[in-house]
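*Asks:* Need a 3D model of the following:
(chains A and B)
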2 protein chains.
Amino acid sequence: MTFDLVIHNGTILTVNSDFEIIENGIIGINDGKIALLTALDEDASPPTAKDTIDASGGIIMPGLINTHTHLPMTLFRGLADDLPLDVWLNETIFPAENTHINSETVRWGTLLACAEMVISGTTTCCDGYFLENDVAAAVNDFGIRAVLGQGVIDYPAPGVPDPAENVEAAKTYVKKWKDISATIRPSIFCHTPYTCSEETLKKAKHASKELGVLFQIHAAETKNEMDQFLFEHQLTPIHYLDKLGILDQNTLLVHCVWLNEADMEIIAARRSNVSHNPESNMKLASGISPLSKLATFDIAIGLGTDGCASNNNLDLFQEMDTAAKLHKASTLDPTVMDARRILQMATIDAAKAIGLEDVIGSLETAKQSDIVFVDTNKPHLVPMYHPESHIVYSANGSDVRDVMVAGNILVRNGKLLAMDVDEIIDRVNEIAAAIKGS
Amino acid sequence: MTFDLVIHNGTILTVNSDFEIIENGIIGINDGKIALLTALDEDASPPTAKDTIDASGGIIMPGLINTHTHLPMTLFRGLADDLPLDVWLNETIFPAENTHINSETVRWGTLLACAEMVISGTTTCCDGYFLENDVAAAVNDFGIRAVLGQGVIDYPAPGVPDPAENVEAAKTYVKKWKDISATIRPSIFCHTPYTCSEETLKKAKHASKELGVLFQIHAAETKNEMDQFLFEHQLTPIHYLDKLGILDQNTLLVHCVWLNEADMEIIAARRSNVSHNPESNMKLASGISPLSKLATFDIAIGLGTDGCASNNNLDLFQEMDTAAKLHKASTLDPTVMDARRILQMATIDAAKAIGLEDVIGSLETAKQSDIVFVDTNKPHLVPMYHPESHIVYSANGSDVRDVMVAGNILVRNGKLLAMDVDEIIDRVNEIAAAIKGS
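*Replies:* All right, here's what the predicted structure looks like:
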C-alpha cells in the first residue's frame, strides 16, 4: 500500500483513550485521514509514500485545539496591559474596536492569528467575534480548522449597528457557512449573561438548536458578575443560564472562574462544556478557577488562550504549562492537573468540548490527520524521560517544526507554507500604525 | 572612533533608572564594556567597528539574570512530575542524586544548563549545588557570568561525605574561585534553616562575611516549614534566621513564599535580598508568595527558575510572564506587578539581589556588555506597541537571536557558538540512559 504521506522516526503521543505512547511510530495518511498508525519493527523500513516526513526522533502528537479565541484581536496585542478591567475595556479596547474594526482589518488580524496558531502547533480554534463572516473567510483561505461564532450582544456592534438584528444576523451567518467548508463550522456566541437580555439569550440558543450548531457564551468570569447575579437574580450566572434553558450538550461555557459546587453539578447534569483560560483569567485578575474540583466531574473541559489582547499570545504550550502549575499552587496539592490530564485538555477533551471528538483530538485511524511534530533535539528538551511531561512543562510553541491540517502541510521545517507570512505582518503593521496614531 | 562591535537598528530597552527606551539605538562596545549608547540620527550611518550586528528592527536588551538555579539538575528534567514533595524528593530526586551525581555528570548537566540559558537570553545565573567546583569549571569554560554557591547541608552530600566538613569544604571552594575568573563569583549556599543546624548556619554566614561573598539560603518555601518553625521555635523561618544574625545585605533569601508582614519588615531592615521563583513554587505546590506586598518594600527582588527538575526549563521569559500574571490573579488586582517591574526583576533588580548591579543588569555606558537581541519579526510578536509588554507577555526564550557576555558573542543567529551543542546533548543523553535504567 502506498500512502499520500508517511511520518516516521518519532515518538507518537496518541492521546487515545489508553493514552498510548508509541516509540519508533509510523503514521500513514490517505485522503487527509490517518490510514495507519503503528510501531515500526526495528529493522523494517517505513512504507512507501508520495511524501515522507522524518520526525528525527522527536514527538508526533495531535494538533492542539484552542477552545477560546477572538482572532482579530491580535491587532491589539499589548496595546494596553496592567490596567483595571473597566479602564482596559472602556478606554482602550472598545474605542479601538469602534474605530479600527472593519472587514479589511478583521481579515488581516485573523490571518495573523492563524499564522501564529499554526506555527505554534494549534490546528483548530473555537472563536467568537463580530464580523465573523470575514473571520470565517480568512480562516477558510488560510486552511486551519475552526468553529467560528458570530457575536451576539445587546449593544451596537461592528457589522450589526442595530442590536435588534443581532440574532437574525447570527442566523444568516450560520446558514451561509453551514456547508461551505469541510474545516469550518459556524456557531453563535452570546457575549455574556449580563450584556444579552433573557430574550436575546433564549432566541440565540433556540437558533443554535434549530441550526444544529455550538452555542458559546462567556460565563462566570469575574467576581463582579457573580455578585451582580446574586444581587439581581438571587442566582449564580450558571444557575441563571440554566433557568433560561441555555445549558445543554451543545453549549460551551467560557471561563467559569466563579463556580460553586451546585454550578458544577448543573453543568455536568446538562452535559455542557467548559473552556478554561487560565492566562487570561490571571492577566485580567478575574481570579483562579476551581479547576481541580471541576475536573472531578464528568464535564469536557478544553483549554483556551482567549483573545491575545489579554494573554498576550496564542501559544497553547505555554497555556498548558500555566494550567498544570496554577491549580497546584492554589490548592497546595502537587498531584492535581497532571501532565496527562492537561495534554488531554488541549487535545481530545477540547475536541469533545466543541463537538469535534469524532474528527480530531487524538491520533487514531480514521480520524483527520491534524498532526504536529515537535523537534526535541534542543537543550531545553534534553534529556527526555516522559514525552507528555516535555510537552506540558518544557516545550513552547517555537519547538513545533511541522504541522498539518486534514493532510495539508501548513508548516514544514518551521516555515509557514499556508500563506505569505511577510505580507500578513506588513499589513498588520500598517493597521497598527493607524491604531497607534489614533 | 572604531569599536570592537556595534549593534544597531533596534529598539533599546535600557532598563536604566529612567526605564529609557531608545528607538533606532546604537551600542558601541570596546574591551567587553558598553562604550557608547545613544539614538542614531535618522540619516546617519552607524559608527565603524570590527564587527557589526544588525538588530533588524528588533529589541536590544540587557541579558537576563536568573537568581536561582541548580544547574546540574537539567539531568533530571521531567524525571518525575506531579508528585507530593516528599515522594518526589525521597523516591526520585535524592536517590538519583546519590547514584548519578559525580564530577563528570555535574559537568555535562551544567554545560547543558548553560547552553539552554544562553540560547534563551540568560547571561548570568546565581546557582547552588554540591560539587560546585565542577559546576564552576564548566560555567567558566562555557563563558557565561555566574555567582556559584557551594551547598552546605548537615547530611552526607556528593563531594562532602562527612557533614562536619561542610563549611570547611565551602571555604576551600570559595578561596579557590575567589580571583580565578572575571565572570565567576563564588558563594556559599546553606540548604535550608531546617537542614542546617544553628551552628552550621552561623559558621557558614561567618565564612561568607570573612571571604566577602554572597550567602544564599532557601527560606520560607513551604507551609510545612513555616508550621515547623512556629511549633519548634515560636518564630517564623525569617525571624529565626534573623535571630542567628544571618540576614544582611549579602544574603539572598530564596523562595519567601510564606512571609508575614513582620518578616518583610525584617528583610527590608537588614537590606537582605529575595529570589522569587513562581513556577517552581507553583509546580511543587509550595504556594503563592505575597509578592505584590513584598514589592512595596525597599527590597531587591530577582526572578529565578529554580532547578529545572521542578520547572521544567530555565526560560526566564516564561518566568516573567508567569510572575506578572500570577499575582494579579491571587490579589484580584490587574495593576500589580506590571510589565516594567517584572522586567526589572529579571535584569537590574536581579543584579542588585546578587550584588552585581555595578557590573550588569541594565544597558548603560561603562557596564559590561551582557546583551541580548530579540527578533520580533514573528507572528506572535506583531504588532508591537510597547516593547516591554512583548518581552514579558508575548515572547519566549526561542525568540532570542544573538547573545553576548562581556563582549563575547555566545549565540549568533540563533546558533550556539560557545560550545558544541550536539556533543553536550549526546553526553547528557548517555547519562540519562543510565538514570532511566537504574
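*Asks:* For burial, what's the neighbour tally of the residue nearest to A:Arg271 when sequence neighbours are not counted?
*Replies:* Of all residues not flanking A:Arg271 in the chain, A:Gln249 sits nearest, at 4.0 Å (Cβ to Cβ, 6 or more residues apart in numbering or on different chains). C-betas here are computed from N, CA, C, even on glycine. Using other Cβ atoms under 10 Å in any protein chain shown, A:Gln249 has 12 neighbouring residues.
*Asks:* In this structure A:Gln249 contacts A:Ala268, no?
*Replies:* No. Using Cβ atoms under 8 Å, A:Gln249 is not in contact with A:Ala268; the gap is 11.1 Å.
*Asks:* Can you give me the buried ones in the lowest-mean-pLDDT helix or strand in chain A?
*Replies:* Across the helices and strands of chain A, mean confidence by mean pLDDT, DSSP states H and E is lowest for helix A:85-87: a mean of 87. By neighbour count with 16 or more other Cβ atoms under 10 Å in any protein chain shown, helix A:85-87 contains the buried residues A:Leu85.
*Asks:* again, but for stretch A:279-295
*Replies:* For stretch A:279-295, using 16+ other Cβ under 10 Å, the buried residues are A:279-292, A:294-295.
*Asks:* From A:Glu261, how far off is the residue nearest to A:Arg271?
*Replies:* 21 Å (Cβ to Cβ, to the nearest Å).
*Asks:* A:Glu225 now?
*Replies:* Where A:Glu261 is concerned, A:Glu225 sits at a distance of 18 Å (Cβ to Cβ).
*Asks:* Could you check which of these two has the larger neighbour count?
*Replies:* Neighbour totals were compared for A:Glu225 and A:Glu261, and A:Glu225 leads with 21 against 11 (other Cβ under 10 Å).
*Asks:* isn't that one right up against A:Ile217?
*Replies:* No. Using Cβ under 8 Å, A:Glu225 makes no contact with A:Ile217, being 11.7 Å away.
*Asks:* which of the residues in the following helix or strand past the least confident helix or strand of chain A are buried?
*Replies:* Downstream of helix A:85-87, the next assigned helix or strand under DSSP states H and E is helix A:94-100. For helix A:94-100, a neighbour-count test (16+ other Cβ under 10 Å) marks A:Ala96, A:Glu97, A:His100 as buried.
*Asks:* hey, where'd the strands end up in the stretch 1-150 of chain A?
*Replies:* A:3-13, A:21-30, A:33-39, A:49-54, A:59-62, A:64-69, A:122-129, A:145-152 (DSSP state E, counting those that start in this stretch).
*Asks:* closest one to chain B among those strands?
*Replies:* Each of those was scored for nearness to chain B using Cβ to the nearest Cβ, and the closest is strand A:122-129 (11.3 Å).
*Asks:* Mind giving me the packing neighbours of that closest one?
*Replies:* Where contact means 3 or more Cβ pairs under 8 Å, 6 or more residues apart in numbering or on different chains; DSSP states H and E, strand A:122-129 is packed against strand A:64-69, helix A:103-119, helix A:132-142, strand A:145-152, strand A:184-190, strand A:214-219, helix A:348-353, strand A:400-405.
*Asks:* JSON lines for the ones you listed, including mean pLDDT?
*Replies:* Output for these, formatted as JSON lines (pLDDT from 0 to 100):
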{"stretch": "strand A:64-69", "mean pLDDT": "98"}
{"stretch": "helix A:103-119", "mean pLDDT": "98"}
{"stretch": "helix A:132-142", "mean pLDDT": "98"}
{"stretch": "strand A:145-152", "mean pLDDT": "98"}
{"stretch": "strand A:184-190", "mean pLDDT": "98"}
{"stretch": "strand A:214-219", "mean pLDDT": "98"}
{"stretch": "helix A:348-353", "mean pLDDT": "98"}
{"stretch": "strand A:400-405", "mean pLDDT": "98"}
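*Asks:* For the residue nearest in space to the middle of chain A, list each beta-bridge partner.
*Replies:* The centre of chain A sits closest to A:Asn66, judged by Cα atoms, centre = their mean, with a distance of 1.5 Å. Per DSSP bridges, the residues bridged to A:Asn66 are A:Cys125.
*Asks:* what residues are up against it?
*Replies:* A:Met117, A:Thr122, A:Thr124, A:Cys125, A:Cys126, A:Leu303, A:Gly304, A:Thr305, A:Leu314, A:Leu316, A:Ala350 (Cβ atoms under 8 Å, 6 or more residues apart in numbering or on different chains).
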